[in-house]
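J.: Could you look at this predicted model? Sequence included:
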Amino acid sequence: MARSQSPLDPQDRNACPRPPLALHPVRAVVTGGAGFIGSHLVEELLGRGDAVHVVDDLSTGCIDNLAAVATHPKLRVTVASVADPLVAARLCQDADIIFHLAGVVGVQRLATEPLAVMQCNLHSTERVVAAAAAAKVPVLLTSSSEVYGDGQVPFREQDPVRPGATEGLRGGYACAKAMGEWLAFGHAEQTGLPVVVVRLFNTVGPRQSGDHGMVLPRFVAQALRGDAITVYGDGEQTRCFAHVGEVVKALADLAMAPGAAGRVFNVGSEIETSVWQLAQLVRERANSRSPIVRVPFAEVFPVGFVDPIRRVPSLVRLRATIGWAPSAQLSAIVDELVAAGRAELGVAGAASVR
Ligand code: UDP
């Protein structure tokens, strides 16, 4: 497949007129800071000495995710929706940087509530980047590897986005995320707003919920309960799983990295694992007797809902900019999640395990 030059190619945007941000500590806003990735980012930033203002409407996030830092003197939490322009404007006051993570994710949510998912993601980003541009506060915007659709792997940031046909609703999420990127770069062009865009690949770790589709927490819970591990389709589809602790370090580093503004970065692992291999790994590490069963896509997804076969990032740009990329071993991640799942479910070694 031919690769074409995108308007966001680094050659065009590398020469951002804005200076890089000051180093930590800064006053950071984290929208979606009570979510899975957001709460880990909050912990990371507080650990670096930053003051952190979390703005989250708790629609999909949970205040318990911030339990480990709840009494931290540099943490402030506002429960509000950033899709409200007044909230978006207020969060820019006294901020040095905005990490915009608020959004609705989860393949199952997209299947059952497509409008809420598309509108929330588009409007929250639209409001946040507009407010940030008005207040001249730099933004790190989290987007999604979904924007690459079924493109050629490894996905490079300058590749065209491929949300797919509008009759397939999954592309609506991808399109909302891509449009958010374009809006942010539009503000960058017109106002000089420093914007870093991060396309997140499959991110896993403690506190991730399996309620809305995410495969690894679902498999771990199934294995620990002794339920069937449900592999959708033939299980040959692959994903690359990165540990959330490493992903948020990359976000914090990118926000401060010279030369990052005006560019898109893939953040994730580049090690491919098939969903079938993942099911086997989880079963083995959980020492579980759960059967692994294949569930046809048609039973779990609406018609026209395409599950990408492969999703692999190119990390060339990330490594060149911050000097590293996520590298945690999947087996170690699974071990951590199995231990956490055991503690949560109170499954010390009962019926589900050998
Ligand atoms: N998946 C699965 N069983 C489940 C949940 C998900 O086989 O119970 C598959 C899903 O079809 C996809 C992969 O696991 O191929 C990753 O799904 P997830 O929703 O975690 O992330 P995605 O990459 O689809 O955004």
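T.: Arrived safely, thanks for sending. Numbers count the residues shown, from 1 in each chain.
J.: any weak-confidence spans in the protein?
T.: 1-22, 347-354 (pLDDT under 70).
J.: any chance you could read off phi and psi for the residue most central in space within it?
T.: Residue closest to the average C-alpha location in the chain (CA atoms, centre = their mean): residue 200, at 4.4 Å. Backbone torsions for residue 200, taken as degrees, to the nearest 10, come to phi -80, psi 130.
J.: The closest residue to residue 187 other than its chain neighbours and residue 98: what is the separation?
T.: With CB to CB, 6 or more residues apart in numbering as the criterion, residue 187 has its nearest non-adjacent residue at 3.9 Å, and that residue is residue 133. (Glycine included, C-beta is placed from N, CA and C.) Counting by CB to CB, to the nearest Å, the gap from residue 133 to residue 98 is 11 Å.
J.: So these two - more neighbours on which side?
T.: Ranked by neighbour count (other CB atoms under 10 Å), residue 133 and residue 98 place residue 98 first, with 27 against 21.
J.: Am I right that the more buried one is in contact with residue 31?
T.: Yes: the criterion here is CB atoms under 8 Å, and residue 98 meets it with residue 31 at 6.9 Å.
J.: who touches both of the two?
T.: 91, 128 (CB atoms under 8 Å, 6 or more residues apart in numbering).
J.: Okay, and the beta partners of residue 56?
T.: With DSSP bridges as the criterion, residue 56 is bridged to residue 79.
J.: How about stretch 25-38 and the ligand, touching?
T.: No: counting by CB under 6 Å from any ligand atom, the ligand has no neighbours in stretch 25-38; the shortest distance is 11.8 Å.
J.: Tell me the span between the first and last residue of that stretch.
T.: Terminal residues of stretch 25-38 lie 18 Å apart, using CA to CA, to the nearest Å.
J.: and that stretch, which residues are buried?
T.: Within stretch 25-38, the residues that count as buried by 16 or more other CB atoms under 10 Å are 26-38.
J.: could you dump those to JSON lines with secondary structure?
T.: Formatted as JSON lines, the buried residues of stretch 25-38 follow (DSSP: H, G, I helix; E, B strand; the rest coil):
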{"residue": "26", "secondary structure": "coil"}
{"residue": "27", "secondary structure": "strand"}
{"residue": "28", "secondary structure": "strand"}
{"residue": "29", "secondary structure": "strand"}
{"residue": "30", "secondary structure": "strand"}
{"residue": "31", "secondary structure": "strand"}
{"residue": "32", "secondary structure": "coil"}
{"residue": "33", "secondary structure": "coil"}
{"residue": "34", "secondary structure": "coil"}
{"residue": "35", "secondary structure": "coil"}
{"residue": "36", "secondary structure": "helix"}
{"residue": "37", "secondary structure": "helix"}
{"residue": "38", "secondary structure": "helix"}
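J.: mind putting the residues you listed in CSV, distance to residue 346 included?
T.: Formatted as CSV, those follow (distance: CB to CB, whole Å):
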residue, distance to residue 346
26, 41
27, 41
28, 36
29, 37
30, 32
31, 34
32, 30
33, 29
34, 25
35, 25
36, 22
37, 27
38, 27
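J.: shouldn't residue 170 be in contact with residue 305?
T.: Yes: contact criterion CB under 8 Å: residue 170 and residue 305 qualify, at 5.3 Å.
J.: between the two, which one's more packed in?
T.: residue 170 (24 against 17).
J.: Next, the contact list for the residue nearest to the centre of the chain, please.
T.: 37, 142-145, 247, 267-268.
J.: Next: residue 48.
T.: So residue 48 contacts 24-25, 252 (CB under 8 Å, 6+ apart).
J.: can you give me the strands for the stretch 251-354 of the chain?
T.: 263-267, 272-274, 292-295 (DSSP state E, counting those that start in this stretch).
J.: Deepest in the core, which of those is it.
T.: Of all the strands of the stretch 251-354 of the chain, strand 263-267 has the most neighbours on average by mean count of other CB atoms under 10 Å, namely a mean of 25.
J.: Give me the sheet partners of it and which way each runs.
T.: With DSSP bridges as the test, strand 263-267 is paired with strand 195-200 (parallel).
J.: Direction included, what does the following helix or strand past the strand it pairs with pair against?
T.: With elements assigned by DSSP states H and E, the helix or strand that comes after strand 195-200 is strand 203-204. Strand 203-204 sits in its sheet next to strand 242-243 (parallel), going by DSSP bridges.
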